[in-house]
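Chemist: need a 3D model of the sequence below.
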Amino acid sequence: MSNRKKISPKTQTEVLLSSRRRCAICYGLFGNTEEKKGQIAHFDRDNSNNSLENLVFLCLEHHDQYDSRTSQSKGLTIEEVKKFRAQLYDYVATNLPASTMPTEEVVDMEIRDDSFQSDFTQKSQQSQFSAISKLAKEIGISEKQLAEDLEAVSILAQKVDEAGLSRTQMRILALIVENVDYSEVPRRVVESGAHYDYLSHEFFSEMKVLEHRKLAYIDEDDGNIHLSIGDEETLQLIKYLSKLKEIDILEFLKDPRVELLLYDED
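Modeler: Okay, here's the model as predicted:
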């Protein structure tokens with residue numbers, strides 16, 4: 001597990017209110033001022049550094065890109081995104097009405113966000129919140145944080161589903177997710193688990209497909225395999241849910257309706 005520290009409700013609320021859930025990168029690059037599904041990201045990518053100056057609201061896609069190595073090569077630097085955040089905050093302060101909602105109500109609103117509720121079409125609202133509350137207590141995190149993490153898991157699984165991978169490629173991806181630590185895993189671990197010989201041409205061919213689909217890649221510098229999707233918390237939640245429900249990670253990733261795993265079988 002990572003050394004992640006929970007962001008306090010007060011700090012979360014300040015970030016959400018300052019951004020009004022507008023992604024700083026969407027605004028900085030495209031002038032997009034639409035409200036987005038997203039997460040609070042860390043500028044320095046250190047989940048234990050929760051100072052207000054180190055936090056920014058990003059949409060799910062840009063959060064993944066910012067935290068990935070490939071995004072850094074494209075020039076998404078800390079200073080650039082900080083400038084985008086400052087520009088966004090100026091826009092919000094000038095063009096959007098200030099909220100007087102108390103902290104507790106804002107956090108409650110975050111838990112019950114409609115974009116998250118819309119994924120749950122087969123259970124009542126009451127049982128949705130009950131399931132989230134129960135699982136949050138089991139894991140030891142807030143309901144709000146679990147809601148954000150579950151949404152990120154759903155997005156990740158949907159990306160995998162849309163990639164159209166073969167079963168072999170899915171097995172390799174599942175092995176990466178199962179063994180990953182801080183977004184990387186030694187190549188030999190995955191090769192061995194997938195029953196490939198070391199430096200196998202077939203293995204590299206399958207990895208090229210995963211790289212093309214922007215799911216995972218082999219780093220030329222350290223030789224390890226890196227995931228291009230999901231942060232450490234998202235991946236740990238996938239592992240936890242698959243173990244809790246006794247579902248193989250391969251089968252878990254094949255079904256993007258991960259929210260159904262919250263509920264016990266009737």
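Chemist: which residues does the residue of the chain positioned farthest from its centre contact?
Modeler: Here the chain reaches farthest from its C-alpha mean at D197, the gap being 32.2 Å by Cα atoms, centre = their mean. For D197, the contact set (Cβ atoms under 8 Å, 6 or more residues apart in numbering) comprises E191, F203. Quick note: C-beta positions are derived from backbone N, CA and C, even for glycine.
Chemist: now it: phi and psi?
Modeler: Main-chain torsions, D197, degrees, to the nearest 10: phi -70, psi 150.
Chemist: can you check G140 too?
Modeler: Torsion angles, degrees, to the nearest 10, at G140: phi 90, psi 30.
Chemist: how far off centre is stretch 82-96?
Modeler: 24 Å (Cα atoms, centre = their mean, to the nearest Å).
Chemist: in it, what's buried?
Modeler: Within stretch 82-96, the residues scored as buried using 16 or more other Cβ atoms under 10 Å are K82, F84, R85, L88, Y89, Y91, V92.
Chemist: among the residues you listed, which are located in helices?
Modeler: Using DSSP state H, the members of these that fall in helices are K82, F84, R85, L88, Y89, Y91, V92.
Chemist: just these now: which is nearest L165?
Modeler: Nearest to L165, judged by Cβ to Cβ, of those is F84 at 33.4 Å.
Chemist: gap between the closest one and I25?
Modeler: Computed as Cβ to Cβ, to the nearest Å, the F84 to I25 distance reads 6 Å.
Chemist: any low-confidence regions in the stretch 51-200 of the chain?
Modeler: 69-75, 97-131, 182-183 (pLDDT under 70).
Chemist: mind redoing it with 90?
Modeler: 60-77, 92-200 (pLDDT under 90).
Chemist: for whatever helix or strand F252 lives in, packing partners?
Modeler: Here F252, judged by DSSP states H and E, is contained in helix 249-254. Using 3 or more Cβ pairs under 8 Å, 6 or more residues apart in numbering; DSSP states H and E, the elements in contact with helix 249-254 are helix 143-162, helix 167-179, helix 232-244.
Chemist: JSON lines for these, including mean neighbour count?
Modeler: Below are the helices and strands packed on helix 249-254 laid out as JSON lines (neighbours: other Cβ atoms under 10 Å):
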{"stretch": "helix 143-162", "mean neighbour count": "20"}
{"stretch": "helix 167-179", "mean neighbour count": "20"}
{"stretch": "helix 232-244", "mean neighbour count": "19"}
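Chemist: now tabulate those in CSV and tack on distance to E191.
Modeler: Output for the helices and strands packed on helix 249-254, formatted as CSV (distance: least, Cβ to Cβ, whole Å):
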stretch, distance to E191
helix 143-162, 20
helix 167-179, 9
helix 232-244, 20
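Chemist: on that earlier part again, of all the ones in helices among the buried residues of stretch 82-96, which comes closest to S205?
Modeler: F84 (38.4 Å).
Chemist: how about the contacts made by that closest one?
Modeler: A24, I25, Y27, G28, L29.
Chemist: name the nearest residue to it, ignoring sequence neighbours.
Modeler: Closest residue to F84 apart from its sequence neighbours, by Cβ to Cβ, 6 or more residues apart in numbering: G28 at 2.7 Å.
Chemist: now for the helix or strand hosting the one you found, which elements pack on it?
Modeler: Taking DSSP H and E as the criterion, G28 maps to helix 24-30. Counting contacts by 3+ Cβ pairs under 8 Å, 6+ apart, helix 24-30 packs against strand 55-59, helix 60-67, helix 78-95.
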